[in-house]
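In: Just need the structure, nothing else, for what follows:
(chains A and B)
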Number of protein chains: 2
Amino acid sequence: MKKTDVLVIGGSAGGMVTALTGKAHWPDKDFILVKKQKDVMVPCGIPYIFGTLDSINKNIMPVDAMMEKNNITSIVDEAVSIDHEAKTVKFASGEVIGYDKLVIGTGSTPVKPKWLQGADNEGVFVVPKDKYYLDDMLQKLSGMRKIAVIGAGFIGVELADELNKRGYEITLIEKLPHILNLAFDVDLASEIHKMLVDRGIKVITGTGISKVIGDNKVSQIELEDGNIMDMDAVILSIGYKPNSSLAKDSDIPVDQDGFIIVDEYMRTLVKDVFAVGDCAQKRDFVTRKRVSTMLASTACAEARIAGMNLFNLHVVKTFSGTIAIYSTAIGNTGFGTAGVTEQRANEEGLETLSAVFENVNRHPVNLPDAHKQIVKLITARYSGVIIGGEVMGGLEAGELTNVIGLAIQNRMTVNNLLSIQIGTHPSLTASPAVYPLIKAAEMIAIRMLHSK
Amino acid sequence: MKKTDVLVIGGSAGGMVTALTGKAHWPDKDFILVKKQKDVMVPCGIPYIFGTLDSINKNIMPVDAMMEKNNITSIVDEAVSIDHEAKTVKFASGEVIGYDKLVIGTGSTPVKPKWLQGADNEGVFVVPKDKYYLDDMLQKLSGMRKIAVIGAGFIGVELADELNKRGYEITLIEKLPHILNLAFDVDLASEIHKMLVDRGIKVITGTGISKVIGDNKVSQIELEDGNIMDMDAVILSIGYKPNSSLAKDSDIPVDQDGFIIVDEYMRTLVKDVFAVGDCAQKRDFVTRKRVSTMLASTACAEARIAGMNLFNLHVVKTFSGTIAIYSTAIGNTGFGTAGVTEQRANEEGLETLSAVFENVNRHPVNLPDAHKQIVKLITARYSGVIIGGEVMGGLEAGELTNVIGLAIQNRMTVNNLLSIQIGTHPSLTASPAVYPLIKAAEMIAIRMLHSK
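Out: The predicted structure is shown next:
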């Protein structure tokens, strides 16, 4: 029987980063990483294989190369059971590997709801992180024209925009009142909605899909409002569920939502077994409730924590909980969100004060390439603690979102922000006199003053 | 005699933002802002009137429009003396204005050194924030070809690059061993050096100018190493001195370097008199020494502090001291710096650990528009507190620098950074698996581990 110090199950962001971080911290330990497929997709790059990238092969994460470079064994196989008493894992190939520390990074699977009539028709797709499936899907779509994308979260929006670039006729359908509901309040979401429409995408909100119609093969869809539309294909992007059956079947405790139970150091309730990424439990940084945030960046943050602390608590964790922080782009317009939206904060019983500041991301505004920039800042009403932010701008919007992310994670208040120093440059940022984050903070501070 | 609640002397970033912030916090008070010229330049935009911007009129800060919109009186005049007992200011026009609170934001003037022989020749220029001077300079330069830019700080580098775009033959001369010495350590500075050379600029380091040669009009320059070069013009960008004679002559105390003495709330030693921006004293956030940082963004941060606290301490200042934080761009390459360079930290007796991480600002790396990205992170050797960072990348580099700026100002350690969550997106940021700030922190953390 093969034996290793650290066995990592899963070769996507979570597994890979745990292995790399772990090996960097414990260079004398043996690491084996087992992944289900040879080629692993860059997870956030998947929507782009439907448009911008001219080949799926341009979206492959160099996992094997990085493993080899760092002296980590990489195997293609599928774990079928864990014996955590004997500390062994059995694989589909029949191989059994013994471990000292085990890391489960099995990811998530797209939801294909049982209630959706016709969901098994040919032409109905989901978006898994599975190269073979995506290869096949790309080929099948190539002969089609009308595509319905169901669910306007980030993946749905990015897919719709990318497929639209290839000339498909796209209808994006969202059951909730506005697109990107979890990420943006309606002020910012409506900007994105408008951009998608301007680019020729049909966007329908406030009604979901009720039925896929067709004789084995998609021909139409019916919406909850009764509307029927001709379609060649349907892509479901309505959520993902954690891949936790391996853990559950091996008596590693899983919570009621199917996530593997972990503590802040990503340790499961079973000694020497860690879980990271989409399959592992998360707690919201602000509301302290369980959340099902599934982001490669979250997986990487968790993976670093696990990897650094596999054998000892090398690095004490100083931030507790998960913030939803992510960004997207439509053409040259970037969008980002960090923390909670105002809508969700209010739903959770958190009273808020917010401000939206709009200007331009260059100064003087006459510089070529100047772009409208909007920042919404959300604070807890009485303490002034920053709990969320939303950004629209040029391609700097991703890093500007990270500035807000750091403010949230450091539990900065509006007052703190008002005495912070930021760096600016004509062709890289807004003017220092009207830097959007500071201006939004100022608007909130003044409202706090006047409400006294 | 005219009387006002708040009198602001100076219409550039510091004065304007003090007036706007103050008025927002004290809407019932009367504000008068006095500026020397009708049209005020966007300070950071000045280098761009020599290249990218096709007219100097595209670089005007809408001061009057903003004053009017916010009910602040704007006057063009020049203060000649302050009577802080009587609380009045006398102006060049003969007008005397009484104040309750006075804000001095008189800025700085470029240094034209007395020791430089030939400095008064025709064709020798400096770069003041003076529209009339710049108008004239632009016109005079238009008939010339060979220009020496003396001093390779940010202004010198930006000027050289912009003038080069208009087809001038540019020689950039820096007395110190490498360009941008105050902003970047040699690793990053050499990248910028190389880019400038690739763009056709002649860059000379390690030797300064010793003499301007010519019969009233520049014809040659001589360097300290004895080299003589033909030149049509010389632009001196070797530093600025605070405009503090108005304060000094009015018995408002000024320090030995000529800066108006202020406390953390920008209050001078004289009751009811504030000073902000280039003319006001600063203390380094990390080293706690006096520094002569002159940045519009610093002026704006100070102006907000002064404005918010003119009549009462409305907003307690939670960060103490000035960090140098700024960015620049050469073509589509952005550069930024925050805090202290490693070189300066070491000169100040601060032992450091640093790491440089290089990768790409997109993921997958095959996305169009992908750009090399480098982050250098500098920490205090024993505490792991982040004291500086330097960035090279695409146009996101400005906001990425602000992420580092927030880390420094929150006194985050390498450990804090390693448990932070960042947001990423294929076309806006580096991969979450190799986000440069985290990777640089990781390199430092591992060196700290191994050094035990």
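
In: Check the gap between the spatially most central residue of chain A and chain B for me.
Out: Centrality entry for chain A: nearest residue to the mean C-alpha point is A:Leu295, 2.7 Å, by C-alpha atoms, centre = their mean. Counting by C-beta to the nearest C-beta, to the nearest Å, the separation of A:Leu295 from chain B is 8 Å. (Glycine included, C-beta is placed from N, CA and C.)

In: wait, doesn't A:Gly206 sit right on A:Lys175?
Out: Yes: counting by C-beta atoms under 8 Å, A:Lys175 is a contact partner of A:Gly206 at 7.4 Å.

In: now A:Lys58, what's its secondary structure?
Out: Per DSSP: H, G, I helix; E, B strand; the rest coil, the secondary structure class of A:Lys58 is helix.

In: number of nearby residues for the residue lying closest to it once chain neighbours are set aside?
Out: Excluding its sequence neighbours, the residue lying closest to A:Lys58 (C-beta to C-beta, 6 or more residues apart in numbering or on different chains) is B:Asn366, at 3.9 Å. Applying other C-beta atoms under 10 Å in any protein chain shown, we find 20 residues neighbouring B:Asn366.

In: Remind me which helix or strand B:Asn366 belongs to.
Out: B:Asn366 is part of no helix or strand, with elements assigned from DSSP states H and E.

In: Same check on A:Glu390?
Out: A:Glu390 belongs to strand A:386-393 when assigned by DSSP H and E.

In: list the helices and strands that strand packs on?
Out: Judged by 3 or more C-beta pairs under 8 Å, 6 or more residues apart in numbering or on different chains; DSSP states H and E, strand A:386-393 is in contact with helix A:186-198, strand A:333-339, helix A:342-347, strand A:372-380, helix A:397-409.

In: Show residues contacting the first one.
Out: Under the criterion C-beta atoms under 8 Å, 6 or more residues apart in numbering or on different chains, residues A:157, A:160-161, A:172, A:177-181, A:183-184, A:203, A:205, A:330-331, A:333, A:335, A:337, A:343, A:356, A:374, A:376, A:390-392 lie in contact with helix A:186-198.

In: try it again with 7 Å
Out: The contact list for helix A:186-198, computed with C-beta atoms under 7 Å, 6 or more residues apart in numbering or on different chains, reads A:157, A:160-161, A:172, A:178-180, A:203, A:330, A:333, A:335, A:356, A:374, A:376, A:390, A:392.

In: Could I get the average pLDDT for it?
Out: Computed over helix A:186-198, the mean pLDDT rounds to 97.

In: try the last one
Out: For helix A:397-409, mean pLDDT rounds to 98.

In: tilt between it and strand A:333-339?
Out: 10 degrees (axes from the mean of the first three to the mean of the last three C-alpha atoms, to 10 degrees).

In: now the fourth one
Out: Counting by the same axes, to 10 degrees, strand A:372-380 lies at 10 degrees to strand A:333-339.

In: Send me strand A:372-380 as CSV with only the CA atoms.
Out: Presented in CSV, the C-alpha positions along strand A:372-380 are these (Å, rounded to 0.1, in the frame of the first residue of the first chain):
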residue,chain,number,x,y,z
LYS,A,372,-18.0,56.2,-15.7
GLN,A,373,-17.3,54.9,-12.1
ILE,A,374,-19.8,54.2,-9.4
VAL,A,375,-19.2,53.1,-5.8
LYS,A,376,-21.9,52.1,-3.4
LEU,A,377,-20.8,51.8,0.2
ILE,A,378,-22.9,50.1,2.9
THR,A,379,-22.4,50.6,6.6
ALA,A,380,-24.0,49.4,9.8
